[in-house]
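>>> below: sequence and its predicted model.
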Amino acid sequence: MSQWSAVTSAAAAATLLVIFIITGYAASMSAVDPRSLSITSELATRLRSHVEYLASPALKGRKPGTPGNDAAARYLISQFQEMGLEPLPSLRGYGQRISPALGDNLMGFRPARDPSAERWLLIGAHYDHLGESFGRVYAGADDNASAVAILLETARTLAPLSHYSVLFVTFNAEEPPYIRTSVMGSQHFIDHLPSEVGSPSRFQAVIIMDLMGGVHWQPLQEVIFAAGAEKSPDLYRALKETTPHSSPLTVLPVGMHLIEEIPVVGRVSFSDYDAFRNRSVPYLFLSAGRTPRYHQPSDLPDTLHYERMASTVRWLQQMAQRIDRDTKPYGFEPAREEVPDEIASLRPFIVQAAEWETRIPGTSLLSLMKFKTDVRWLQRLDPTTATPDDIKRLERSCLRMQCLLADFYGCFAL
């Protein structure tokens, strides 16, 4: 081989190594296959039935203003009726019209046992999705038929509370291009509250769910994350005291800033909780997080973890009953954080993400090295004295995990 050929070969090998490190081709750890997760309970079977209808080919992705979205609305109304949820008299039915072009928010309620109760607990999830684009159907099983199914089964099984009427709301028009606009279903709802509610201050708490069924990385198989309650000390206490019974489910508190803080861009809201937060309503946002199927045609009914969803229904019943024990209105402190708890929630996953044997599928060597550096930093960190720089670093590590879990390009740069 000539000297020039040797130099050329070495350069090519170096280039391939760089690609190998940056893109993650070096990492081939198997992702969780949801189809391998058995469905053993009647509740999980019912949850799957809801998802299979809402994410069926016939509904073509439930885009607002389409026949598929209308069919989903009719299905939800039939379920509300079957479960004995009452329509709000001021709406003269279960629908709240957003616009003729988009369709309706849908809601029904279960009155409190105390007929004089005037305050509310809201449980909500959006039912729309992306629809069709360039001949591809975006069925939206995880986003967000999974959360709607959990809402429906919670409505079916939750006994009336003593002090709060429970309003179950399926919002429309959450997906782009409507998110963070005045016609986003949750924004329209808070801007046009039914007279029975009257004021945002009459909500004791709002629980919003989004992306509740996906699973990709084994350490998160039985985990859902709970954000936002840190803004309300008493709601946060209720969250911490609600422990799943006889279930492998783990509900971990995290701060909203860990979900929303995007480098350079700043904070970006991602779901229906934002409309309530902006009115200082105590809220809890529940999610299992994104997977590589997020906003893809591959987000199909057979890719969800239905037994974890069933455990979530049972946990939601406990959470609602725990909130019912608190009769004093919850406060709201927009700047409040629970940093030590956030670190405790994320530390085990950062440690596992930093190990070759337990890494997130698709992790590049460069990302792996960054996680290892974060582990060394966490070993030195006193959570009770975390600085603003520490918090920024935690946000960056959390974002890197989210990026890898969703298989977004460029995770190595975080």
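Noted; the coordinates are in hand.

>>> what are the boundaries of the strands in the stretch 201-350 of the chain?
Assigned by DSSP state E, counting those that start in this stretch, the stretch 201-350 of the chain shows strands spanning 203-209, 223-227, 250-254, 261-262, 266-267, 283-287.

>>> indicate which one of those is closest to Arg322.
strand 203-209 (10.5 Å; CB to CB). Heads up, the C-betas are built off the backbone N, CA and C, glycines and all.

>>> quickly list the domain ranges of the chain.
Per automatic domain parsing, the structural domains of the chain span 34-337, 340-413.

>>> which of those domains sits most buried?
domain 34-337 (a mean of 20; mean count of other CB atoms under 10 Å).

>>> got the end-to-end distance for that domain?
34 Å (CA to CA, to the nearest Å).

>>> cool, and stretch 228-238?
13 Å.

>>> now the residue nearest to Ser56 when sequence neighbours are not counted: how far from Arg290?
Once flanking residues are discounted, Ser56 sits nearest to Ala139: 7.5 Å by CB to CB, 6 or more residues apart in numbering. Distance of Ala139 to Arg290, given as CB to CB, to the nearest Å: 16 Å.

>>> next one: Ser247
From Ser247 to Arg290 the distance is 23 Å (CB to CB).

>>> then Trp356?
From Trp356 to Arg290 the distance is 23 Å (CB to CB).

>>> now swap in Lys63 and tell me
In terms of CB to CB, Lys63 sits 20 Å off from Arg290.

>>> which non-adjacent residue is nearest Leu258?
Cys398 (4.4 Å).

>>> now name the helix or strand holding that neighbour.
helix 388-405 (DSSP states H and E).

>>> ok, and what's touching that helix?
216-217, 220, 254, 257-259, 261-263, 289-292, 337, 339, 342-343, 346, 349-350, 353, 360-363, 367, 370-371, 374, 377, 381, 386, 410-411, 414 (CB atoms under 8 Å, 6 or more residues apart in numbering).

>>> Leu368 and Thr358 touch, don't they?
No: using CB atoms under 8 Å, Leu368 makes no contact with Thr358, being 10.9 Å away.

>>> got the contact list for the residue positioned nearest the centre of the chain?
The chain has Ser287 as the residue nearest its centroid, 2.5 Å off, counting by CA atoms, centre = their mean. By CB under 8 Å, 6+ apart, Ser287 lies in contact with Met209, Asp210, Leu211, Met212, Ile224, Phe225, Ala227, Ser271.

>>> can I get these in a markdown table including distance to Thr242 and pLDDT?
Below are these laid out as a markdown table (distance: CB to CB, whole Å; pLDDT from 0 to 100):
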| residue | distance to Thr242 | pLDDT |
| --- | --- | --- |
| Met209 | 15 | 98 |
| Asp210 | 19 | 98 |
| Leu211 | 21 | 98 |
| Met212 | 17 | 98 |
| Ile224 | 12 | 98 |
| Phe225 | 14 | 98 |
| Ala227 | 15 | 98 |
| Ser271 | 21 | 96 |
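
>>> among those residues, which one sits closest to Ala44?
So of these, ranked by how close each gets to Ala44 (CB to CB), first place is Met212, at 12.9 Å.

>>> so what's that closest one up against?
Ala125, Asp142, Asn144, Ser146, Ala147, Ile150, Ile224, Leu286, Ser287, Ala288, Met309, Thr312.

>>> tell me the spacing between it and Asn172.
From Met212 to Asn172 the distance is 18 Å (CB to CB).

>>> Lys370 now?
40 Å.

>>> distance check, Asp70 against Lys370.
Counting by CB to CB - Asp70 and Lys370 are separated by 47 Å.

>>> same thing with Leu91?
51 Å.

>>> what of Phe349?
Counting by CB to CB, the gap from Phe349 to Lys370 is 14 Å.

>>> contacts only, for Met83.
Met83 touches Gly108, Leu152, Ala155, Arg156, counting by CB under 8 Å, 6+ apart.

>>> switch the cut-off to 6 Å
Ala155, Arg156 (CB atoms under 6 Å, 6 or more residues apart in numbering).

>>> need phi/psi at it.
phi -80, psi -10 (degrees, to the nearest 10).

>>> let me see the confidence value for it.
Per-residue confidence (pLDDT) for Met83: 96.

>>> element containing the closest residue to His188 other than its chain neighbours?
In space, and not counting its chain neighbours, His188 is closest to Ile98: 4.9 Å by CB to CB, 6+ apart. With elements taken from DSSP H and E, the one containing Ile98 is strand 95-99.
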